[in-house]
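Engineer: below are the sequence and a predicted model for it; my questions follow.
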Amino acid sequence: MKLVIAASGASGSIYLQRLLDRLRPGEQEVHLVLSRPARQVIAQEIDQLRVADGISQYEDSGMNVPFVSGSARFDAMVIVPCSMGTLGRIAVGTSESTILRAADVFLKERRKLILVPRETPWSLIHARNVVAAMEAGAIVLPASPSFYSRPKTVEEVADTVVARILDHLGIENLAAYRWKSEEHGTAQVP
């Protein structure tokens, strides 16, 4: 699977880090691009991003990257976290950066684009942009954690969102909590 992972300048760097921790560059081809505001937020929230060997990294200012062309075959793109400004620019089709151009390409080629906004509350403008992005084919997966698994750490809370991202990518995640009916009990695979 060929993936583009991107981050824009919203709070929630932990979601990006936990996703990168779960990807296996030997099994997936992973390309990472961070906006300048994303780099600033990462520094403030988690100091620095741990990036595994084998993950290709790009600046958000160049167009000489493989995933900004429709002729390059990629399976999915995730923007986590995705600022509402980035989501809005995707919704109206601007392409002035690597991240925005790649998102535009994924939409026009009908490839999977997952946007993970963390912003709350939303304005009416945000809600309309979310609808426009969804109508264009994006999956909008808000960073809204679940608590069925009774997470005990901030990382475990973040992992509930990351598990949903991995599900939508079709990547197996044995550590994900899976809901079962009461008659069969609930279980979490460690």
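Structural biologist: Structure received. Numbers count the residues shown, from 1 in each chain.
Engineer: what's I171 in contact with, if anything?
Structural biologist: I171 makes contact with 1, 22-23, 28, according to C-beta atoms under 8 Å, 6 or more residues apart in numbering. Every residue, glycine included, has its C-beta placed from N, CA and C.
Engineer: let me redo that: A38
Structural biologist: Residues near A38 by C-beta under 8 Å, 6+ apart: 7-9, 13, 16, 81.
Engineer: tell me the secondary structure for it?
Structural biologist: What DSSP: H, G, I helix; E, B strand; the rest coil gives for A38 is helix.
Engineer: if I look at it, how far off is P121?
Structural biologist: According to C-beta to C-beta, to the nearest Å, A38 stands 22 Å off from P121.
Engineer: now E156
Structural biologist: 25 Å.
Engineer: repeat for G70
Structural biologist: For G70, the distance to P121 (C-beta to C-beta) stands at 36 Å.
Engineer: have a look at the two and say which one is more surrounded.
Structural biologist: G70 (13 against 6; other C-beta atoms under 10 Å).
Engineer: and the pLDDT at the nearest residue to the more buried one once chain neighbours are set aside?
Structural biologist: Of all residues not flanking G70 in the chain, E109 sits nearest, at 4.9 Å (C-beta to C-beta, 6 or more residues apart in numbering). For E109, the pLDDT comes out at 97.
Engineer: E109: neighbour count?
Structural biologist: 15.
Engineer: likewise for V116?
Structural biologist: 27.
Engineer: which residues touch the nearest residue to it once chain neighbours are set aside?
Structural biologist: Spatial nearest neighbour of V116, excluding adjacent residues (C-beta to C-beta, 6+ apart): V80 at 3.9 Å. Neighbour list for V80: 5-7, 12, 15-16, 19, 114, 116, 143, 165 [criterion: C-beta under 8 Å, 6+ apart].
Engineer: one more time with 10 Å, if that's ok
Structural biologist: 5-8, 10, 12-13, 15-20, 38, 114-118, 141, 143, 161-162, 165 (C-beta atoms under 10 Å, 6 or more residues apart in numbering).
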